[in-house]
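Peer 1: Sequence first, predicted coordinates after that:
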Amino acid sequence: MSTNRVEGAIDKGVGAVKEAVGKATDNERLEAEGKAQKVKGDVQNKVGQAQDKIGDAIKH
């Protein structure tokens, strides 16, 4: 598994927590940061998936 996939999952989780805390405390900035971090995590995860597929294709 690519480190990008792991880091992406972490970013997505942290972003979800930030977003939830931002909503609960009416902190729009924290909520927006959380949403952005979730998107970053999703993108990083997709990059990691692509890396894994390329690596698998090269091995075979």
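Peer 2: Arrived safely. Numbers count the residues shown, from 1 in each chain.
Peer 1: ok, residue 49 touching residue 5?
Peer 2: Yes. Counting by Cβ atoms under 8 Å, residue 49 does reach residue 5; the two are 6.5 Å apart. No exception for glycine: its C-beta is placed from N, CA and C like everyone else's.
Peer 1: So which of these two has more stuff around it?
Peer 2: residue 5 (19 against 15; other Cβ atoms under 10 Å).
Peer 1: Show me what counts as buried in the helix or strand hosting residue 58.
Peer 2: Using DSSP states H and E, residue 58 sits within helix 28-59. Buried residues in helix 28-59, counted by 16 or more other Cβ atoms under 10 Å: 30, 31, 33, 34, 37, 38, 40, 41, 44, 45, 48.
Peer 1: quick one: the last one and residue 19, what's the gap?
Peer 2: Right, the one you point to is residue 48. Distance of residue 48 to residue 19, computed by Cβ to Cβ, to the nearest Å: 22 Å.
Peer 1: now the second one
Peer 2: According to Cβ to Cβ, residue 31 and residue 19 sit 5 Å apart.
Peer 1: and the residue most central in space within the chain, what pLDDT?
Peer 2: Centroid-nearest residue in the chain: residue 41, 1.3 Å away (criterion: Cα atoms, centre = their mean). Looking at residue 41, its pLDDT reads 97.
Peer 1: Tell me how far it lies from residue 56.
Peer 2: Residue 41 sits 22 Å away from residue 56, going by Cβ to Cβ.
Peer 1: Please name the nearest non-neighbouring residue to residue 32.
Peer 2: Nearest residue to residue 32, sequence neighbours excluded (Cβ to Cβ, 6 or more residues apart in numbering): residue 22, at 7.3 Å.
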